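Undergrad: Below are the sequence and a predicted model; questions follow.
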Amino acid sequence: MGLLDVLNSIQAGGVSNDPRARTAPASQGMSPTAKALLALLAVYATKNMRRADAPPTQPAGPAGGNIRAGVPGGQSGTPSGGGALGDLLRGTLGGILGGAAAGTVLNGGLGGLLKQLQQSGQDDVARSWVGTGPNKTISQGDLASALGTDTLDTLSQQTGMDRGDLLSSLSQHLRRFVDQLTPDGRLPTEEEAGRMV
């Protein structure tokens, strides 16, 4: 399943009866929830891109078996996909990340988000979302602590959602979003992630 399929399923009814998460009219583009999920990936992809450009301060961890992902420097590429979501991925996210390949954005954003969750004490939750078993829930408070004020402010600004609505939506949908982007129980490689977009 590709990123656009996942986001379209969220827009088309794979959400609660919460009116804030329902499909937005065509004139408005995507739902605030879908925007929040994409913006969250963009935030962490951007943070990882900056870190990838900085000189390494510690040796790389072991390959395989974990849910962390490194992000090599910007590669050129054109993601596939159509419609408003495809245009957003090509235009907005590509612009934010300086033309990095879509696979780099998805892989780095997802890896950065999961690393942030792990570092904030939510390692079991993050592993359950990536793993093939049941997905653990995360409370709004734990998610707020994990993401931090700056990230939440950025997401609120990008989506137009207030913090309470944003946390409610993310705590409900983020686990399914991550689970569907990691169908093999691991982060996709950049190449695999590129095919998802």
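TA: That came through fine.
Undergrad: I'd like to know which helix or strand in the protein has the lowest mean pLDDT.
TA: Sorting the helices and strands of the chain by mean pLDDT, DSSP states H and E puts helix 83-88 at the bottom, at a mean of 48.
Undergrad: Show me which residues of stretch 122-129 are buried.
TA: For stretch 122-129, a neighbour-count test (16 or more other Cβ atoms under 10 Å) marks Gln122, Val125, Ala126, Arg127, Ser128, Trp129 as buried. C-betas here are computed from N, CA, C, even on glycine.
Undergrad: quick one: which of those sit in helices?
TA: Counted as lying in helices by DSSP state H, out of these, are Val125, Ala126, Arg127, Ser128, Trp129.
Undergrad: which of the residues you listed lies closest to Thr46?
TA: Ala126 (19.5 Å; Cβ to Cβ).
Undergrad: The closest residue to the closest one other than its chain neighbours: neighbouring residues, count only.
TA: Counting by Cβ to Cβ, 6 or more residues apart in numbering, Ala126 lies nearest to Leu117, which is 4.1 Å off, once chain neighbours are set aside. Each residue near Leu117 was counted by other Cβ atoms under 10 Å, and the total is 24.
Undergrad: Distance check, Leu117 against Arg175.
TA: Distance of Leu117 to Arg175, given as Cβ to Cβ, to the nearest Å: 11 Å.
Undergrad: so what's in contact with these two at the same time?
TA: Common neighbours of Leu117 and Arg175, using Cβ atoms under 8 Å, 6 or more residues apart in numbering, are Val125.
Undergrad: Regarding the chain, what is its longest helix?
TA: Max-length helix for the chain by DSSP H is helix 32-53.
Undergrad: Give the other helices and strands that it contacts.
TA: Judged by 3 or more Cβ pairs under 8 Å, 6 or more residues apart in numbering; DSSP states H and E, helix 32-53 is in contact with helix 3-11, helix 94-96, helix 102-119, helix 149-159, helix 163-181.
Undergrad: Nearest approach to Met49 belongs to which of those?
TA: With Cβ to Cβ, the closest approach to Met49 among the helices and strands packed on helix 32-53 belongs to helix 102-119: 6.5 Å.
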